[in-house]
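**Student:** Please work out how this folds:
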Amino acid sequence: MLNIQKFPCNMLSENCYVVSDETSECVIIDCGAYYEEERRAVTDYIRTRNLRPVHLLCTHGHLDHNFGNNTIYEAFGLRPEAAPGDDVLMENMKAQAREMFQIETDYDFPAVDHYFAEGETVSFGSHKMDILRTPGHTPGSVVFHCPSEHAAFTGDTLFKGSIGRTDFPGGSMFQIISSLRQLCMLPDETAVYPGHGPKTDIGFELAHNPYMDR
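**Tutor:** Take a look at the predicted model:
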């Protein structure tokens, strides 16, 4: 069984997730913690529950999903893992801060530890997550799907009743529609944990989201 804790973060209310199981190993997905209290909330949750972080996973390379990578690196020694299509974004976080948020960050972002290979899976504890390539919001957007627990962490590809923007550099409406068709094939009971907003599931999205169709 997965234990999934959501932490709304930063000025865009991005969802960071800490996902653990009965072994106490955990992964951190999209650590967008910007303010000091958000950073403490994530690290305190991990430490007070004696969790052992083994991966810092990124659904994509936008800064609002990566503000807190330095905190995770300093606290637990983990560097981010992402898809190679977002290498330019991942390697230019400070430029994103200036261009997208008009702020100057006074800290350095850890370099990417690993770029996902085609067909790769992520393992922690007694669970595995498939890495689904879902370009469109960004060229390297991915979804982390745990089939055994019917859970998918969709980043900014799929939200409750909506989808991610495609008007940023590297975005593509054609690609995100193709990616959504892939997500439509997941079982209806698959819980969707998006990068912003509330939890949903594939069945609800097929019934209510105009971009989702079998």
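
**Student:** So Arg133 is in contact with Pro139, correct?
**Tutor:** No: between Arg133 and Pro139 there is no contact under CB atoms under 8 Å: 9.9 Å. (Glycine included, C-beta is placed from N, CA and C.)

**Student:** Between the two, which has more neighbouring residues?
**Tutor:** Regarding Arg133 and Pro139, a neighbour count based on other CB atoms under 10 Å identifies Pro139 as having more, with 21 against 17.

**Student:** Please tell me the pLDDT value assigned to the residue nearest the centre of the chain.
**Tutor:** For the chain, the residue sitting closest to the mean C-alpha position, by CA atoms, centre = their mean, is Thr59 at 3.6 Å. Per-residue confidence for Thr59 comes out at a pLDDT of 98.

**Student:** Go ahead and confirm it touches Asp30.
**Tutor:** Yes: using CB under 8 Å, Thr59 makes contact with Asp30 at a distance of 5.6 Å.

**Student:** can you list residues touching both of the two?
**Tutor:** Common neighbours of Thr59 and Asp30, using CB atoms under 8 Å, 6 or more residues apart in numbering, are His65, Phe153, Gly155, Gly195.

**Student:** And these, which two are furthest apart?
**Tutor:** His65 and Phe153 (11.0 Å; CB to CB).

**Student:** Tell me the residues that contact both of these two, please.
**Tutor:** Asp30, Thr59.

**Student:** Those two: which is more packed in?
**Tutor:** More neighbours surround His65 than the other of His65 and Phe153, with 29 against 25 (other CB under 10 Å).
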